[in-house]
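Chemist: Need the 3D shape of this:
(chains A, B and C)
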Amino acid sequence: MYRFLLSSLSCFLLLSSLSAQQPVLLYQTDFGLKDGAVAAMKGVAYSVSPRLAQYDLTHEIPAYDIWTAAYRLRQTIPFWPAGTVVVSVVDPGVGSNRRSVVAKLRTSQFIVTPDNGTLTLLAKEVGIAALRLIDEKRNRLPGSSDSYTFHGRDLYAYTAARLAAGKIRFEDIGTMLDPASAVLLPYQEAQIKRDSIQGNIPVLDEQYGNIWTNIPQIHIKQKGWKYGDTLSMSIRKSGQLVYSGKIVFGTTFSAVAAGQPVAYLNSLLNLSFGVNQGNFANQYKVSSGPDWSIDVTKVQ
Amino acid sequence: MYRFLLSSLSCFLLLSSLSAQQPVLLYQTDFGLKDGAVAAMKGVAYSVSPRLAQYDLTHEIPAYDIWTAAYRLRQTIPFWPAGTVVVSVVDPGVGSNRRSVVAKLRTSQFIVTPDNGTLTLLAKEVGIAALRLIDEKRNRLPGSSDSYTFHGRDLYAYTAARLAAGKIRFEDIGTMLDPASAVLLPYQEAQIKRDSIQGNIPVLDEQYGNIWTNIPQIHIKQKGWKYGDTLSMSIRKSGQLVYSGKIVFGTTFSAVAAGQPVAYLNSLLNLSFGVNQGNFANQYKVSSGPDWSIDVTKVQ
Amino acid sequence: MYRFLLSSLSCFLLLSSLSAQQPVLLYQTDFGLKDGAVAAMKGVAYSVSPRLAQYDLTHEIPAYDIWTAAYRLRQTIPFWPAGTVVVSVVDPGVGSNRRSVVAKLRTSQFIVTPDNGTLTLLAKEVGIAALRLIDEKRNRLPGSSDSYTFHGRDLYAYTAARLAAGKIRFEDIGTMLDPASAVLLPYQEAQIKRDSIQGNIPVLDEQYGNIWTNIPQIHIKQKGWKYGDTLSMSIRKSGQLVYSGKIVFGTTFSAVAAGQPVAYLNSLLNLSFGVNQGNFANQYKVSSGPDWSIDVTKVQ
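Modeler: Numbers count the residues shown, from 1 in each chain, chains lettered A, B, ... in the order given. Model (predicted):
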């Protein structure tokens, strides 16, 4: 179970964070890497403290795609130790009245982000321990007051770097907010039915064309399905059937011959589908998003 | 004003650089990240000193596009502190008799680069305090003398790393050159006319399709144009009208409804145009480069 | 000669490694950078030790392309000092019975990888000093035992980080294996014939469209061919002639006019072909791989 993986991890990470000496910033944006935007943010952070380690989650979130930003945080942040400060800037509303916040997770990482839904999955699956509004008067890159369109540089990277470097405390960010007030995107959790499990496809494993569902290992266990069983699967887009077929449930791709479809648990321990050394998404024209639902039963 | 932003920044960066302990290299190339070229450079630099922090500006400068290289340096280097050493390798003339130089900026960052126009905008807008020719006899990766086509690895990264790590001083680079001798690309600055401001489009904000002009905030102020005013804009390619329209001047995208065009000051405080949550460049077939000019007036 | 370059380099790198204080991980994968896979690996490694420096070779190896992974290692690892720990994850057989190994090179870098051919060119051209099987019982991310499809995170990054950070020794990896047992991909070395040199095209210099052959400088020297000579070249795909032409052998691109083809020694000191400021591969429809052979003679 992913939860078990997380709790075992947490011991390991807690020990790690005690010995940490080089504080760390982790960036996620939809900026791409073609221009200087990411480097400007890192320059600001390096200027705050050259001791900071600066890492990239990804800068290839599709432009304005808050849902994918939320998913990537949920996918990776559990593998970073307490004290990690994350800057996430997918910000279609930059300069509007959307709030700028810092969330402290139950597992003690910090997320610096526009409050636009980016926190959805972390809030739900990890938990927000505390939330603060960034006070732009106190926490803004000196000299940047005429700049309204690059909060990533002027507000988020600057504030995150100062927090990571210990130049400000979490309390200095700004007013305390109710964690329950964080903006959440609507989404449907997977559900166990009498004969089936119903879920959706939050994201693709794009590089390989694997289908990642939101059906957790615990649901599979509850149904009593085991490796070696054959699953019958229907994938629908807006209710229209796109794919149906019977697929072996294996530990990994090589449970089936090259070119054959396989069901497996992905690295987040969610039910997933792929083609061994192939591309399921391309082959069967399956994609991801709120329109895509999935229905799985076990073949008797 | 960008100048003001820069001067306020400079205090902040000066203080930062005094406390800097981990020297830093910043890379810009047109190599892309598909192969091992960037990693070979970083290996050479790491071998010079494992203490160096190594960052990327971008490796996706379009192949041989010196102008864009010049623009990206101008966009980002002001956000890195004094002492930062930058390696910029967009080098269509590698192995020819173009010079290899290290420029020390007025703000005390160092740029290690072929002298082919890459320094154009930094020279103009930040200023070169001193320029030295790289003495290839003294400053070349040991064992690389039969390699003529990868100065990025054999000459620039090696020299930059030794400079950043304090293994050589700026004086050890080679002969002093006249800063005014740096090769500059021709370009036209924005001009204030009686009724309008004329400028050009040096670069796109590609990820979002925004149009970045070279018209600075100070020109807008001089004209007395204010947020909330409506601007009338004509964009021409080689003199042919491509777009004309009336656009509200707002602080940021959300000054207009989603899908509507807006004029704003970008993160360098230059006049820019975009579509809120859309893509101006795609929608109106506008691109950037020396052929593209722009003419702006205020609607009375 | 590349060998000479390497031996001169090795002195330099040996001295460097003696003074190294910040241990280093270097990553190569076919994961791409769109999702969170790379960041999850780096989080695991950072959690093992925040002191580690973490660098990327590339994450854009074409999916499942073990040959290219092998080539990129051979291209770059010689430029990283002894003690560097490399994680290479191009792993079409993840979860199958392919072995997971750590190779210690003759030059004392470590490669953590599935044993699927990734070591081919390093084994041949640098040499494997020792090989160990990763004992998954002892060397696995705590809590990850239900995860079968992400050895990059759960096994390789975790083990590599612990090795680099000195938390385990090479001896703690697992059983010693015969270095000669490493899986090697079949490939044909370049050969000197009476009138010609025959070789193949292991890889393209993709960003610029240059053709990199496997014909080493030493073969050219043995033939007595010199800069300024004209070479006659035939390129075949599966025996079918794709290109033939006469090309000047110069030190670098600018030995010919812009738009003209040129033969030169690349940064690995292998015979290569390009078009000055152009793209040879696109212009003449030449690609790389086992099907592509090349035959070079000198024009008298």
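Chemist: Those residues of the stretch 101-250 of chain A touching chain B, which are they?
Modeler: A:141-144, A:146-150, A:153-154 (CB under 8 Å from any CB of the partner chain). The C-beta positions use only the backbone N, C-alpha and C, and glycine is treated the same way.
Chemist: which non-adjacent residue is nearest A:Arg162?
Modeler: Spatially, and ignoring its direct neighbours in sequence, A:Arg162 is nearest to A:Ile168 (4.7 Å; CB to CB, 6 or more residues apart in numbering or on different chains).
Chemist: which of the residues of the stretch 101-250 of chain A next to chain B count as buried?
Modeler: Among those, those that count as buried by neighbour count (16 or more other CB atoms under 10 Å in any protein chain shown) are A:141, A:143-144, A:147-150, A:153-154.
Chemist: Switch the residues of the stretch 101-250 of chain A next to chain B over to CSV; also include pLDDT.
Modeler: Shown next, in CSV, are these (pLDDT from 0 to 100):
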residue, pLDDT
A:Leu141, 95
A:Pro142, 92
A:Gly143, 89
A:Ser144, 90
A:Asp146, 86
A:Ser147, 86
A:Tyr148, 85
A:Thr149, 87
A:Phe150, 92
A:Arg153, 95
A:Asp154, 95
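Chemist: can I get those in JSON lines with distance to C:Ser267 and secondary structure?
Modeler: Below are these laid out as JSON lines (distance: CB to CB, whole Å; DSSP: H, G, I helix; E, B strand; the rest coil):
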{"residue": "A:Leu141", "distance to C:Ser267": "40", "secondary structure": "coil"}
{"residue": "A:Pro142", "distance to C:Ser267": "43", "secondary structure": "coil"}
{"residue": "A:Gly143", "distance to C:Ser267": "42", "secondary structure": "coil"}
{"residue": "A:Ser144", "distance to C:Ser267": "41", "secondary structure": "coil"}
{"residue": "A:Asp146", "distance to C:Ser267": "45", "secondary structure": "coil"}
{"residue": "A:Ser147", "distance to C:Ser267": "41", "secondary structure": "coil"}
{"residue": "A:Tyr148", "distance to C:Ser267": "45", "secondary structure": "coil"}
{"residue": "A:Thr149", "distance to C:Ser267": "40", "secondary structure": "coil"}
{"residue": "A:Phe150", "distance to C:Ser267": "37", "secondary structure": "coil"}
{"residue": "A:Arg153", "distance to C:Ser267": "35", "secondary structure": "helix"}
{"residue": "A:Asp154", "distance to C:Ser267": "40", "secondary structure": "helix"}
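Chemist: Tell me the one of those nearest chain C?
Modeler: Here the nearest of those to chain C, counting by CB to the nearest CB, is A:Arg153; it sits at 20.8 Å.
Chemist: Touching, that closest one and A:Ala37? I think so.
Modeler: Yes. Between A:Arg153 and A:Ala37 there is a contact under CB atoms under 8 Å: 7.3 Å.
Chemist: Mind listing the shared neighbours of the two?
Modeler: Among the neighbours of A:Arg153, those also in contact with A:Ala37 (CB atoms under 8 Å, 6 or more residues apart in numbering or on different chains) are B:Ser267.
Chemist: what's the most distant pair in the buried ones among the residues of the stretch 101-250 of chain A next to chain B?
Modeler: A:Gly143 and A:Thr149 (15.4 Å; CB to CB).
Chemist: What separation do you get for the closest residue to A:Ile235 other than its chain neighbours and chain B?
Modeler: In this structure, A:Ile235 finds its nearest non-sequential neighbour in A:Tyr243, 4.3 Å apart by CB to CB, 6+ apart. Distance from A:Tyr243 to chain B, counting by CB to the nearest CB, to the nearest Å: 32 Å.
Chemist: do the same with A:Val262
Modeler: 29 Å.
Chemist: do A:Lys221 as well
Modeler: For A:Lys221 relative to chain B (CB to the nearest CB), the value is 41 Å.
Chemist: ok but that residue is inside a helix, no?
Modeler: Yes. Looking at A:Lys221 with DSSP: H, G, I helix; E, B strand; the rest coil, it is inside a helix.
Chemist: what's the burial count for it?
Modeler: By the criterion of other CB atoms under 10 Å in any protein chain shown, A:Lys221 has 11 neighbours.
Chemist: go on, A:Leu177?
Modeler: By other CB under 10 Å, neighbour count at A:Leu177 equals 18.
Chemist: In contact with the closest residue to it other than its chain neighbours, which residues?
Modeler: Spatially, and ignoring its direct neighbours in sequence, A:Leu177 is nearest to A:Leu131 (4.3 Å; CB to CB, 6+ apart). Going by CB under 8 Å, 6+ apart, A:Leu131 touches A:101-104, A:176-179, A:181-182.
Chemist: And for A:Pro179?
Modeler: Contacts of A:Pro179 (CB under 8 Å, 6+ apart): A:103, A:123, A:128-131.
Chemist: Please indicate which of the residues you listed are buried?
Modeler: A:103, A:123, A:128, A:130-131.
Chemist: contacting residues around A:Ser96?
Modeler: B:252-254.
Chemist: Regarding it, what is its secondary structure?
Modeler: Looking at A:Ser96 with three-state DSSP, the answer is coil.
Chemist: Against chain C, how distant is it?
Modeler: Using CB to the nearest CB, A:Ser96 is found at 27 Å from chain C.
Chemist: next one: A:Asp205
Modeler: Computed as CB to the nearest CB, the A:Asp205 to chain C distance reads 7 Å.
Chemist: pretty sure that residue is in contact with A:Trp212, am I right?
Modeler: Yes. In this structure A:Asp205 lies within contact range of A:Trp212 using CB under 8 Å: 5.5 Å.
Chemist: Overlap in contacts, these two.
Modeler: A:266, A:272.
Chemist: where in chain A is pLDDT low?
Modeler: Residue ranges of chain A with pLDDT under 70: A:1-21.
Chemist: what ranges do the helices span in it?
Modeler: A:2-18, A:37-48, A:66-76, A:120-125, A:151, A:158-164, A:217-223, A:280-284 (DSSP state H).
Chemist: Now render those as CSV, adding distance to A:Ala258.
Modeler: Output for the helices of chain A, formatted as CSV (distance: least, CB to CB, whole Å):
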stretch, distance to A:Ala258
helix A:2-18, 28
helix A:37-48, 38
helix A:66-76, 27
helix A:120-125, 33
helix A:151, 47
helix A:158-164, 44
helix A:217-223, 25
helix A:280-284, 13
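Chemist: Weed out the non-buried ones from the contacts of A:Leu131.
Modeler: A:101-104, A:177, A:179, A:182.
Chemist: Enumerate the residues of the stretch 201-300 of chain A near chain C.
Modeler: Going by CB under 8 Å from any CB, the residues of the stretch 201-300 of chain A near chain C are A:203, A:205-208, A:217, A:251-255, A:264-267, A:269, A:277.
Chemist: run the last query once more with 7 Å
Modeler: Proximity of the stretch 201-300 of chain A to chain C (CB under 7 Å from any CB of the partner chain) is limited to residues A:206-208, A:217, A:251-254, A:264-267, A:269, A:277.
Chemist: Out of those residues, grab the one that's most surrounded.
Modeler: Each of these was scored for neighbours by other CB under 10 Å, and A:Phe253 scores highest at 26 neighbours.
Chemist: What about the closest residue to that one other than its chain neighbours, how many residues nearby?
Modeler: Sequence neighbours aside, A:Asn276 is the residue nearest to A:Phe253 in space, at 4.2 Å (criterion: CB to CB, 6+ apart). A:Asn276 has 21 neighbours, counted by other CB under 10 Å.
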